[in-house]
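# Kindly generate the corresponding structure for this input.
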Amino acid sequence: MTQTDTLVLQSSGLSMAFGDFKVLEDIDLRVTQGEIVGVLGPNGAGKTTLMNLLTGAYAPTAGRVQLMGKDVTRLATAARCRQGLGRTHQVPRPFTGMTVFENVLVSVRHGRATAVPDPVAVAWDVLHDTGLAASANRQASTLGLLDRKRLELSRALATDPQVLLLDEIGGGLTEAEGDKLVALIGNIHASGVTIIWIEHIMRMLLNSCSRLICMAGGQIIADGAPGEVIDAPAVQSAYFGAAA
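Coordinates of the predicted model:
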């Protein structure tokens, strides 16, 4: 996908505290159309909290979030989804009593801003794109881990997102399975979706992202080209335990 200068998602002064404990402090984030941005950092850095603030799962202590130029800080998760912000969860959350196809159909029918003329056809298109068409009639609860991850992606894609947030979607996969997922995410990005990808598996990010952000202690400590970020002394110290 061609990157533009159009801002699609941004935060200004975004902060989150639980009582006196500051989880995030003054996060200024800018993501432009066509980017695929990786976010890494040690456990407790605030990555998932940032995800939850961007998607509306949490309300910030301070700051604001804008999506496609609109202030969505006080909008609920479902409303942000219908405005073009999709996400996956670290632990897949399908409707286990439904089939794969039914899971995706629910997202098509209820996750979009406007209804589509043929939601069944759209659901099939999504399943073909994610490699799950052959498993359409299986119960979601019977899927292996890689296919549960694919279903999580399918459900998010079915809402027709302009921006997709991935929360450690590679966790638990073998290297070969991870490579398959990287290829699928690359195809999603090429189709026109801007992606922000939080991940512990650095290899997956380095193989996919043109920009990396590193977080530590609830703040962004580096933001730039992957090689520059990885080599930054602050990142070496925070992420790898090396001396700064």
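# what ranges do the strands span in the protein?
Remark: strands of the chain, listed N- to C-terminal, are 7-18, 21-32, 36-40, 62-67, 70-71, 85-87, 163-167, 194-198, 211-216, 219-224; assignment by DSSP state E.
# so what's the nearest residue to residue 87 once chain neighbours are set aside up against?
Taking Cβ to Cβ, 6 or more residues apart in numbering as the measure, residue 87 lies nearest to residue 165, with 4.2 Å between them; neighbours along the chain are not counted. C-beta: built from backbone N, CA, C; applies to glycine. When the contact criterion is Cβ atoms under 8 Å, 6 or more residues apart in numbering, the partners of residue 165 are 51, 54-55, 85-88, 195-198.
# hey, C-alpha coordinates of the longest helix anywhere in the chain in PDB?
As assigned by DSSP state H, the longest helix anywhere in the chain is helix 175-190. Taking only C-alpha atoms (Å, rounded to 0.1, in the frame of the first residue of the first chain), the coordinates of helix 175-190 have been written out as PDB:
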ATOM      1  CA  GLU A 175       8.100 -20.000  13.500                       C
ATOM      2  CA  ALA A 176       6.500 -21.600  10.400                       C
ATOM      3  CA  GLU A 177       3.000 -20.500  11.600                       C
ATOM      4  CA  GLY A 178       4.300 -17.000  12.300                       C
ATOM      5  CA  ASP A 179       5.600 -16.800   8.800                       C
ATOM      6  CA  LYS A 180       2.200 -17.600   7.400                       C
ATOM      7  CA  LEU A 181       0.600 -15.000   9.600                       C
ATOM      8  CA  VAL A 182       3.200 -12.400   8.500                       C
ATOM      9  CA  ALA A 183       2.300 -13.100   4.900                       C
ATOM     10  CA  LEU A 184      -1.400 -12.700   5.600                       C
ATOM     11  CA  ILE A 185      -0.900  -9.400   7.400                       C
ATOM     12  CA  GLY A 186       1.300  -8.300   4.500                       C
ATOM     13  CA  ASN A 187      -1.600  -9.000   2.100                       C
ATOM     14  CA  ILE A 188      -4.100  -7.100   4.400                       C
ATOM     15  CA  HIS A 189      -1.800  -4.100   4.400                       C
ATOM     16  CA  ALA A 190      -1.400  -4.300   0.600                       C
END
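# does residue 25 really touch residue 15, like I thought?
Yes: if you go by Cβ atoms under 8 Å, residue 25 and residue 15 touch, sitting 5.2 Å apart.
# quick check: domain ranges of this structure?
Taking automatic domain parsing as the domain assignment, the record places the domains of the chain at 1-84+163-244, 92-160.
# between the helix or strand bottoming out on mean pLDDT in the chain and strand 211-216, how many degrees?
Counting by mean pLDDT, DSSP states H and E, the chain has its least confident helix or strand at helix 233-240, which shows a mean of 82. An angle of 70 degrees separates the directions of helix 233-240 and strand 211-216 when computed by axes from the mean of the first three to the mean of the last three Cα atoms, to 10 degrees.
# I'd like the numbering to begin with 140 instead of 1 from here.
All set: I'll call the first residue 140, so the last point we hit is now helix 372-379.
# State the phi and psi torsions of residue 236.
Backbone dihedrals for residue 236, given as degrees, to the nearest 10, come out at phi -90, psi 0.
# residues near it, how many?
Here the count is done by other Cβ atoms under 10 Å, and residue 236 has 10 residues near it.
# Same check on residue 267?
A count of neighbours around residue 267, defined by other Cβ under 10 Å, yields 12.
# related to what we said a few turns ago, select, out of the strands of the chain, the one closest to residue 265.
Distances from residue 265 to each of the strands of the chain were compared using Cβ to Cβ; the minimum, 11.7 Å, belongs to strand 224-226.
# now the closest one, how far from the chain's geometric center?
How far strand 224-226 lies from its chain's middle: 7 Å, per Cα atoms, centre = their mean, to the nearest Å.
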